[in-house]
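# Got a predicted model here, sequence first, then my questions.
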Number of protein chains: 4
Amino acid sequence: MIQVGIIGGAGYTAGELIRILLNHAKAEIAFVQSSSNAGNPIDTVHRDLIGETSLNFVAEPDFEAVDVIFLCMGHGKSKEFIERNSIPDAVRIIDLSHDYRLKAEGNDFIYGLPELNREVIRSSRRIANPGCFATGIQLAVLPLAAAGVLENEVHVHAITGSTGAGQAPSRTSHFSWRNSNVSVYKAFQHQHLGEITQSFKQLQNSFDFAINFIPVRGNHTRGIFASVYTDFKGSLEEAKDLYKRYYADHPFVFVTDENPDVKQVVNTNKAVLHLEKHGDKLLILSVTDNLLKGASGQAVQNMNLLFGLDEKEGLNLKPVSF
Amino acid sequence: MIQVGIIGGAGYTAGELIRILLNHAKAEIAFVQSSSNAGNPIDTVHRDLIGETSLNFVAEPDFEAVDVIFLCMGHGKSKEFIERNSIPDAVRIIDLSHDYRLKAEGNDFIYGLPELNREVIRSSRRIANPGCFATGIQLAVLPLAAAGVLENEVHVHAITGSTGAGQAPSRTSHFSWRNSNVSVYKAFQHQHLGEITQSFKQLQNSFDFAINFIPVRGNHTRGIFASVYTDFKGSLEEAKDLYKRYYADHPFVFVTDENPDVKQVVNTNKAVLHLEKHGDKLLILSVTDNLLKGASGQAVQNMNLLFGLDEKEGLNLKPVSF
Amino acid sequence: MIQVGIIGGAGYTAGELIRILLNHAKAEIAFVQSSSNAGNPIDTVHRDLIGETSLNFVAEPDFEAVDVIFLCMGHGKSKEFIERNSIPDAVRIIDLSHDYRLKAEGNDFIYGLPELNREVIRSSRRIANPGCFATGIQLAVLPLAAAGVLENEVHVHAITGSTGAGQAPSRTSHFSWRNSNVSVYKAFQHQHLGEITQSFKQLQNSFDFAINFIPVRGNHTRGIFASVYTDFKGSLEEAKDLYKRYYADHPFVFVTDENPDVKQVVNTNKAVLHLEKHGDKLLILSVTDNLLKGASGQAVQNMNLLFGLDEKEGLNLKPVSF
Amino acid sequence: MIQVGIIGGAGYTAGELIRILLNHAKAEIAFVQSSSNAGNPIDTVHRDLIGETSLNFVAEPDFEAVDVIFLCMGHGKSKEFIERNSIPDAVRIIDLSHDYRLKAEGNDFIYGLPELNREVIRSSRRIANPGCFATGIQLAVLPLAAAGVLENEVHVHAITGSTGAGQAPSRTSHFSWRNSNVSVYKAFQHQHLGEITQSFKQLQNSFDFAINFIPVRGNHTRGIFASVYTDFKGSLEEAKDLYKRYYADHPFVFVTDENPDVKQVVNTNKAVLHLEKHGDKLLILSVTDNLLKGASGQAVQNMNLLFGLDEKEGLNLKPVSF
């Protein structure tokens, strides 16, 4: 059994990791660290886990006890944590923050989007798990970049659930404000644009266009609905063919002829894509669960790859559907 | 024009008062006090008021400028405020906290439920505006108490919207938690039981039964749906007759033969009641908007009574309905 | 008093008209026609109107009794109705369907967007009330067209509440499906594109660019949040200036420096616009209530103009805000 | 592998059964029958199942191919189906309708509440799966009945999600109506009262009190929150002890000291109970997922019992939590 440690265990993504790993046939949770909750039973924070675990949060990680750690702290804190701690080389690291997503000198983390980097992930030791918006948007565009046919600006509008913003209270996370409300934030400037652009260039070196990205706060809790369009010279059939070939052996991505909706994928690790051609534009609709394929599900998918397991191990999750 | 001052102007109930008073033909807002927002335009806090007012919050109330003040601070703070300030006798006070709702020596506030105390309100100077749950529940039961036919325990289950809990952030006000969720709080012990019991006894001195009250957090923002039942010897027709007579000249309370729902009254000052007889029990369903009939709408209704205006002045509000 | 008749009185837009007109100081509802509900009290269908009207639906309109009729039937049915009935010339008509929105030979209806056509509306007799999406999107772009500075494609993403789809049941209107869900429909092909393009050309004859419009089904009931961007050469300040001047004497449109949200305008006739400049793009966020500024509120605004009343008469509505 | 047939495969409960069974290690879906969808791929109806099954709905069941069938048709239709078809004796039947829940001459179905009848279920061939409300309410009260201490009326208020009402469209299932709304239906008369009373009497023959049950339509899709109270002479500790002993070896029922909420159990087969003592009343809060422990999860639990499997097989479901 793979022994797993989780750092920063009280947040949403850690909760999802625990939910998945408790039913993972090849992995076992060795410890869940949380400074603010050290000593408390895990199910007093993640209360739906009643009856599923008798573990308590620990204050200090025991690196000797684990094969892999997941870093679920806030952005900026993973780097601090790694610099402060002597983590044995044998311990693999999967970081869910954005600290290591962008290539830089001295950054030996691999960008953990399996649909982009699966082979190199398999032989890596340190993974920078992609952002939630970044995942949904990249999956909508990668086949075009891989074919080298991106030739103009990419227009993206993506609506996310409230869990994407974490559990810290704020004006916009208050139920009285957010219920039945819609708003936009960080238009054209969202921090995920960096990793998205980096991936597009990785596949199509010539990519040098704007990504016009409008992130929207939806009034649901889980799920990202991304609408993406860009110029595409070919026919709809050619586009579908491109996408189906690109994702042929990727078990979590589906190209559908039906009009998709977010609840198709909520509580699963799936991404569902739907293509339409309008004039010279290719429209790609992409739905994902921001906490699963957009975070913790993908992190487990990466763990499976790191340890030579079936990519889907532990990820055959019952959709909630309603 | 009646000159109005509002103390504690940044919260939900103050916002509703301002929304009502801006369109009130006989009253005018002289000032809105807010310590935390002094100097800021009112529409930077109550942002839907864009274009409707150019007033700024003030730090200090000017009692000389007003005929009436509404106290919209938290519970406990009204008493402090009144003790700390020299409010001229001529200034009427309508307090929205629970500080003065219970009769006590030295408390000269009148309990401001017009359907219970309209005549005495008309000749008063200080009003303790009822609680939101307390309003919905009392309206469901007052005709029975007035007829002296309460003769057993009263069972109450009432679901409230999130605005009932104010705007302070908390675990249970976080959208990610509250959306699609249901929970109970302060079962059998809610602080409104005192004022409810006091009113029942006022009408039926012999009332000495438990009120079994289960308050529920709903996943909507506005509106209280109260289900109330108790023993009743008469027929359904007799009960309806009792209720219709009791509320005959009260313009905001309606007894309907249709099955009611909360959205019938949202954004109005109405209370809709529906009666059913099952065995020896009379079931009364009561719907109200917790911020209007349950708070600020009722406060304006009380102001209208204090100043000899039509009880409905300023309260012909367009329902939102959806 | 202006005497008003409403045709097709059981739907959402008719309900809103009734809600507004019951409190309109200069207009009075003479009749509300509904084939399916003839004879029934209006408040058995629009149940929030309990206590506000004792009118019953009628089967047949009495054109002699009214100064103006509102047509609230489905698309395609207004034309049929007008052809089938002999409506006296003196009776003004405000049609809420899309039957007369596009200019065509023999179509003497004026497109009723006051922010585009106010003067000509004032002297007209027949008004084609704009579509809900069309209103929100046009208000976001009209100042640019008026300045003749539209010089490239316009990108539009707009999320609407469920009431935009009317009350007929369908798979996508079922609560179990739509709650917490997001989906897209009629991307690039929405029927409002015609009237939007027509208005842009009216102001800027040279306009000949695509409007890339992605309509989204949100999981709220009321309100449209439109994100619109296009190339703009000037600075943000120049853009704001353009917008503020364009809307200077239009009482329902506001340009704000704050980040807007849909609930700012729900249950009001307002449109709130917010501008940002990103690179060479001007982003305009536009929020409106699809049933009010996007339908019945605008219809009353048009009625006010037709009869020489204050444009805001009856439209100082209390926002629901939460 | 247990071969499973599902009759009436297009509805909500059938969808949930399929979701569970696709990941059940000891069972396999042989066919899913649906008259209205015969020939269509299952994932065109249950669209979240994209990529999980290539089965099509069939028009006619093949009883020879299966060990067990689940009947997921509407109430009244199971009886018709069983009378019309010659189902081999060897085929076990689990009926999700209310047709066989009440004991009657000639009814050889066992009432399939494992926490009441586990041993007899193990040796049965035909199971009447309990109703959703009935499950949540019985679990809240069974330990009291088993101890023979029910001695007065039982007061029940339970709020359910929209999926409890099935997928047929109706006024109260329309999103525009139901969103943010609350209402009551069938107060004191819900059809589940029969089976609840029957179970109470099974454990405590003397039970002869009213169950005052108010069912509430909530504005969420999944989950029942039941508040139950009745007289109880003992202390809170005695009550907890009673409950903990009763459920000691039942793997899906948990007694917690924390205040529960519906989302703790959504997308799981769990029931979470919480006890409070107020005066002479014992309050039991009970949360369940109406489609799982209240329907299809419990049906699989019953299947596991019928075939001698671990009761939890296939039911270690990832909670959705948000």
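Done, it's in.

# Close to chain B: what parts of the stretch 201-322 of chain A are there?
A:N219, A:H220, A:T221 (C-beta under 8 Å from any C-beta of the partner chain). The way it works is simple: take the backbone N, C-alpha and C, and place the C-beta from them, glycine included.

# go with 10 Å
With C-beta under 10 Å from any C-beta of the partner chain as the criterion, the stretch 201-322 of chain A meets chain B at residues A:R217, A:N219, A:H220, A:T221, A:R222, A:F322.

# any idea where the helices of the stretch 51-200 of chain A begin and end?
Per DSSP state H, counting those that start in this stretch, the stretch 51-200 of chain A carries helices over the ranges A:77-84, A:114-122, A:132-146, A:175-178, A:193-203.

# Hmm, A:Y185 is touching A:P215, no?
Yes: taking contacts as C-beta atoms under 10 Å, A:Y185 lies within contact range of A:P215: 5.9 Å.

# what residues do these two have in common as contacts?
Common neighbours of A:Y185 and A:P215 are listed as A:T160 (criterion: C-beta atoms under 10 Å, 6 or more residues apart in numbering or on different chains).

# These two: which has the busier surroundings?
Comparing A:Y185 with A:P215 by other C-beta atoms under 10 Å in any protein chain shown, the one with more neighbours is A:P215, at 24 against 14.

# Skip the chain neighbours and tell me the closest residue to that one.
Of all residues not flanking A:P215 in the chain, A:H190 sits nearest, at 5.1 Å (C-beta to C-beta, 6 or more residues apart in numbering or on different chains).

# And for A:G297?
Using C-beta to C-beta, 6+ apart and skipping the chain neighbours, the partner closest in space to A:G297 is A:N269 (3.6 Å).

# ok so, going back, so which of the helices of the stretch 51-200 of chain A is nearest chain C?
For the helices of the stretch 51-200 of chain A, proximity to chain C was assessed by C-beta to the nearest C-beta; helix A:175-178 is nearest, at 5.2 Å.

# What score does A:G74 have for pLDDT?
pLDDT recorded at A:G74 is 86.

# no wait, A:A226
At A:A226, the pLDDT value in this model is 98.

# any idea which element it lies in?
Element membership of A:A226 [criterion: DSSP states H and E] is strand A:224-231.

# just the angle between that strand and helix A:132-146, please?
Here the directions of strand A:224-231 and helix A:132-146 differ by 30 degrees (axes from the mean of the first three to the mean of the last three C-alpha atoms, to 10 degrees).

# gap between the two ends of stretch A:181-197?
Stretch A:181-197 has an end-to-end distance of 30 Å (C-alpha to C-alpha, to the nearest Å).

# ok, and for it, which residues are buried?
Neighbour-count burial for stretch A:181-197, with 16 or more other C-beta atoms under 10 Å in any protein chain shown as criterion, is recorded at A:N181, A:V182, A:S183, A:V184, A:A187, A:F188, A:H190, A:H192, A:L193, A:E195, A:I196, A:T197.

# The second one and chain C, how far apart?
Right, the one you point to is A:V182. According to C-beta to the nearest C-beta, to the nearest Å, A:V182 stands 4 Å off from chain C.

# Show me the strands in the stretch 151-300 of chain A, by range?
Here the stretch 151-300 of chain A has its strands, by DSSP state E, counting those that start in this stretch, at A:154-160, A:183-184, A:211-217, A:224-231, A:253-256, A:271-278, A:281-288.

# can you list those in TSV and add distance to C:G164?
Written out in TSV, the entries for these read as follows (distance: least, C-beta to C-beta, whole Å):
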stretch	distance to C:G164
strand A:154-160	16
strand A:183-184	18
strand A:211-217	17
strand A:224-231	17
strand A:253-256	25
strand A:271-278	21
strand A:281-288	19
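
# For the stretch 51-200 of chain A, what lies in contact range of chain D?
A:G51, A:E52, A:G161, A:S162, A:T163, A:Q167, A:N179, A:S180.

# sorry, back to before: what's the residue nearest to A:G297 in contact with, if anything?
Contacts for A:N269 (C-beta under 10 Å, 6+ apart) come out as A:20, A:251-253, A:288-289, A:292-294, A:296-298, A:300-301, A:311-312, A:314-317.

# And it, what's its pLDDT?
A:N269 carries a pLDDT value of 98.

# what's the answer for A:Y247, then?
For A:Y247, the pLDDT comes out at 98.

# separation between it and A:F232?
Between A:Y247 and A:F232 the computed distance is 17 Å (C-beta to C-beta, to the nearest Å).

# between the two, which one's more packed in?
A:F232 (23 against 19).

# so the residue nearest to the more buried one when sequence neighbours are not counted bridges to which residues?
In this structure, A:F232 finds its nearest non-sequential neighbour in A:L282, 3.5 Å apart by C-beta to C-beta, 6+ apart. For A:L282, the beta-bridge partners are A:T230, A:K277 (DSSP bridges).

# so A:L282 makes contact with A:L144?
Yes: contact criterion C-beta under 10 Å: A:L282 and A:L144 qualify, at 7.5 Å.

# got any residues that touch both of the two?
A:V228, A:T230, A:D231, A:F232, A:G234, A:A239, A:L242, A:Y243.

# which one of those sits closest to B:E80?
Distance to B:E80 across those (C-beta to C-beta) is lowest for A:V228, with 56.1 Å.

# so who does the closest one touch?
A:136-141, A:144, A:154-158, A:211, A:213, A:273, A:282-286, C:214.

# now the nearest residue to A:A210 once chain neighbours are set aside: how far from C:F207?
Nearest in space to A:A210, with sequence neighbours left out and distances taken as C-beta to C-beta, 6+ apart, is A:E153 at 4.7 Å. Distance, A:E153 to C:F207, by C-beta to C-beta: 20 Å.

# More neighbours: which of the two?
Legend: neighbour count by other C-beta under 10 Å for A:E153 and C:F207, higher for C:F207 (20 against 16).

# and the nearest residue to that one once chain neighbours are set aside, what does it touch?
In this structure, C:F207 finds its nearest non-sequential neighbour in C:F200, 4.4 Å apart by C-beta to C-beta, 6+ apart. Contacts for C:F200 (C-beta under 10 Å, 6+ apart) come out as C:116, C:137-138, C:141-142, C:144-146, C:150, C:154, C:206-209, C:211.

# gap between stretch A:263-275 and the chain center?
On the basis of C-alpha atoms, centre = their mean, to the nearest Å, stretch A:263-275 sits 13 Å off its chain's mean C-alpha point.

# repeat for stretch A:188-200
That offset, for stretch A:188-200, works out to 14 Å (C-alpha atoms, centre = their mean).

# again with stretch A:180-196
With C-alpha atoms, centre = their mean, you get 16 Å for stretch A:180-196.

# CA-only coordinates of the strand holding A:A226 in CSV, if you can.
Extracted C-alpha coordinates of strand A:224-231, given in CSV (Å, rounded to 0.1, in the frame of the first residue of the first chain):
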residue,chain,number,x,y,z
ILE,A,224,-16.7,24.7,-13.9
PHE,A,225,-18.5,25.5,-17.1
ALA,A,226,-16.1,26.9,-19.6
SER,A,227,-17.1,28.2,-23.0
VAL,A,228,-14.1,28.6,-25.3
TYR,A,229,-14.0,29.7,-28.9
THR,A,230,-11.3,30.5,-31.4
ASP,A,231,-10.9,30.5,-35.2
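
# Go through that strand and flag the buried ones.
For strand A:224-231, a neighbour-count test (16+ other C-beta under 10 Å) marks A:I224, A:F225, A:A226, A:S227, A:V228, A:Y229, A:T230, A:D231 as buried.

# Give me the pLDDT for the closest residue to A:F188 other than its chain neighbours.
Closest residue to A:F188 apart from its sequence neighbours, by C-beta to C-beta, 6+ apart: C:H278 at 3.6 Å. Confidence at C:H278, expressed as pLDDT, is 98.

# Domain map for chain A?
Residue ranges for the domains of chain A, per automatic domain parsing: A:2-129+A:293-306, A:132-290.

# For the stretch 51-200 of chain A, what lies in contact range of chain C?
By C-beta under 10 Å from any C-beta, the residues of the stretch 51-200 of chain A that approach chain C are A:153, A:155-161, A:172, A:175-185, A:187-189.

# Span of stretch A:35-51 from start to end?
Termini of stretch A:35-51 sit 23 Å apart (C-alpha to C-alpha).
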